[in-house]
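S.K.: what shape does this take:
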Amino acid sequence: MKSLKGIIAGVCTGLVGTLGWGALFYLFSGGVGLCLVLLGFAVGLAVFWGSGRQIRLVHGCAATLITLVSIVGGIVLAASMLASDVSVESNDGELQKQVLIRLAHTICEEKAKEGEELTFPPGITPETAVSPDDFPPGIAEAAGLLWKALPQEERQQRLREAATELHAVEEGVQRRIFQNKFQQGFGWLNLFGTVLAAAIAFQVGSGGEFQKAAPAAPKG
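M.R.: Numbers count the residues shown, from 1 in each chain. So this is what the prediction gives:
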């Protein structure tokens, strides 16, 4: 029963540590790896005292496992928050703008098929045109007239398609940010802090059992 209390105390401390470590990683982009030592010490101490200060190897192992899970959990939490900070604007005005740009691309493609030569602004190509000003003169206006000529039902359908595409772009960007930040969480400084935290959690949680179990050096 005392061992269970110690593990519960360690888990509760680990949860607090996950939130604290996640907040530090979120605010400082993970450059605080040595703070993980405090997390390992706190978890080890919670397990040791919660178990009635029993000196047992299993308590050290439990404290180490809880510490490692808490560290990874903090990285996942911070990476998720950083990814969620990125959003793609998708109000009605932005959606209509995206539809008009698509219509402008369609008009350009049709004119190119007819052999008409189009002159884009300097540095802009048909592939890189992403705003009305990026198109040749008159194309954006023609796209606006084509939009007004569309039936209401088709307008709504095109707006829904634009919203779906923008949402997919947003998810893709958030996924890349999450992956980058998650990998950043395992930089050399954080890894060094993790190793120290795990060692301290084991030593404190076990009540020094690792040292006690070591054979004594022969006297000279």
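S.K.: three-state assignment of V130?
M.R.: Under DSSP: H, G, I helix; E, B strand; the rest coil, V130 falls in the coil class.
S.K.: okay, it and I101: tell me how far apart.
M.R.: 7 Å (Cβ to Cβ, to the nearest Å). Yep, even glycine has a C-beta here, placed from its N, CA and C like the rest.
S.K.: contacts for the helix or strand containing I107?
M.R.: I107 is part of helix 92-113, with elements assigned from DSSP states H and E. Helix 92-113 has contacts (Cβ atoms under 8 Å, 6 or more residues apart in numbering) with 118, 126, 129-132, 135-136, 139-140, 142-144, 146-147, 155, 158-159, 162-163, 165-166.
S.K.: and the spatially closest residue to L34 that is not a sequence neighbour, what pLDDT?
M.R.: In space, and not counting its chain neighbours, L34 is closest to G193: 4.9 Å by Cβ to Cβ, 6 or more residues apart in numbering. Looking at G193, its pLDDT is 90.
S.K.: what do you get for Q211?
M.R.: pLDDT recorded at Q211 is 51.
S.K.: and E109, by the same measure?
M.R.: Looking at E109, its pLDDT reads 89.
S.K.: what about it, neighbour count?
M.R.: 12 (other Cβ atoms under 10 Å).
S.K.: distance-wise, check it relative to I101.
M.R.: The gap separating E109 from I101 is 13 Å, by Cβ to Cβ.
S.K.: before we move on, the earlier item: buried ones among the contacts of helix 92-113?
M.R.: A129, F135, P136, I139, A140, A143, W147, R158, A162, A163, L166 (16 or more other Cβ atoms under 10 Å).
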